[in-house]
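Chemist: I need the structure of the sequence given here:
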Amino acid sequence: MKEWIPIPGTVKEKLIKVALEEFSLNGFKSVNITKLAEKANTTTGAVYHHFGSKYSLYEVIRTDMEQRIIDRMEGAASLFDQPNKRLEAALITALDFAVKSKICRLLSEDIADYKNDQVKKFIYEFGKDIPLPLEIVIYSSWRYILKAISEDEITYEQGKDLLKWLLKRELN
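Modeler: Here you go, the predicted model:
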């Protein structure tokens, strides 16, 4: 069992809920620990007590959201035999979850210390079935589509169409 899963109604749970919202809305760099603690009706000391640092709190949240996405991606991919159909189903399902959960900004951020990107690892696994290292382009496109959606540059539908177009062109 994961040790960071909070008990409902605890300070830790409030901090995670508020931090998820703040990181998703404003991005890692723009989140202020003092304001985050105030929104959670607690102190900055509680943040540091439970998580040690702003980065550690971010890592807990991002890892959890990525795991939720990976679970969905694996389920969607398992429905198809062809690599391009598997990856398309996985990415569209992940995009849908990210948009509905309002975590596009969170997942599109490039945080220098964050090295545990599970979505990247999932996409790179498909590289084994592709003759060229297209997983680099696919992953980069995935992240940029999330960023563009979070900044209202494109719609969810446009993002979905871009992924379909990219996978149709790159994997056939």
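Chemist: where along the chain do the helices fall?
Modeler: 11-26, 33-39, 44-51, 54-77, 83-100, 104-108, 118-125, 135-150, 156-171 (DSSP state H).
Chemist: contacting residues around the longest one?
Modeler: Spelled out, it's helix 54-77. 4, 15-16, 19-20, 23, 28, 31, 33, 47, 50-51, 86-87, 89-94, 97-98, 101, 103, 106-107, 111, 113-114, 116-119, 122 (CB atoms under 8 Å, 6 or more residues apart in numbering). Every C-beta, even on glycine, is put in place using the N, C-alpha and C of the backbone.
Chemist: buried sites along that helix?
Modeler: 54, 57-63, 65-66, 68-70, 72-73, 76-77 (16 or more other CB atoms under 10 Å).
Chemist: Ok, the second one next?
Modeler: Within helix 33-39, the residues that qualify as buried by neighbour count (16+ other CB under 10 Å) are Ile33, Leu36, Ala37, Lys39.
Chemist: and that helix, what's its mean pLDDT?
Modeler: Helix 33-39 shows a mean pLDDT of 95 in the predicted model.
Chemist: so what does it touch, helix or strand wise?
Modeler: Counting contacts by 3 or more CB pairs under 8 Å, 6 or more residues apart in numbering; DSSP states H and E, helix 33-39 is packed against helix 11-26, helix 44-51.
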